[in-house]
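Participant: The sequence isn't on hand, but the structure is:
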């Protein structure tokens, strides 16, 4: 970018990590938290998977609902890096953390 437009300075990684991403996260969180108010019932699903390239495991909780206007919504309510074996006790611990956080 410096060669094509020397006057343009690209923000560093720390700027995006410390400023842009937290702001985007809060905006998204606010939008998602207001959407379920349009539903009478919400279904939750959870999944654990391991990436094929680097063997990192992840766990997520997704909410599914239909609004009063019959619009279908899906929203990832939580997604975390999952350390350790995929056993019941570890999954239960994650589920309890989600419940404590209002999910």
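Facilitator: Alright, I've got the coordinates. This one's a predicted model, so the numbers in the text were calculated from it and none came from an experiment.
Participant: only C-alpha atoms for contact and neighbour calcs from this point on.
Facilitator: Noted.
Participant: Can you give me the distance of residue 15 to residue 24?
Facilitator: Per C-alpha to C-alpha, to the nearest Å, residue 15 is found 13 Å from residue 24.
Participant: same deal with residue 67?
Facilitator: As judged by C-alpha to C-alpha, residue 67 and residue 24 stand 24 Å apart.
Participant: Looking at those two, which one has more neighbours?
Facilitator: Looking at residue 67 and residue 24 with other C-alpha atoms under 10 Å, you find the greater number of neighbours at residue 67, namely 16 against 11.
Participant: Would you confirm that the more buried one contacts residue 39?
Facilitator: Yes. Using C-alpha atoms under 8 Å, residue 67 makes contact with residue 39 at a distance of 4.8 Å.
Participant: Check for me that residue 63 belongs to a helix.
Facilitator: No. Secondary structure assignment places residue 63 outside any helix; it is strand (DSSP: H, G, I helix; E, B strand; the rest coil).
Participant: List the residues that contact it.
Facilitator: Applying C-alpha atoms under 8 Å, 6 or more residues apart in numbering to residue 63 gives the contacts 42, 43, 44, 45, 73, 74, 75, 76, 77.
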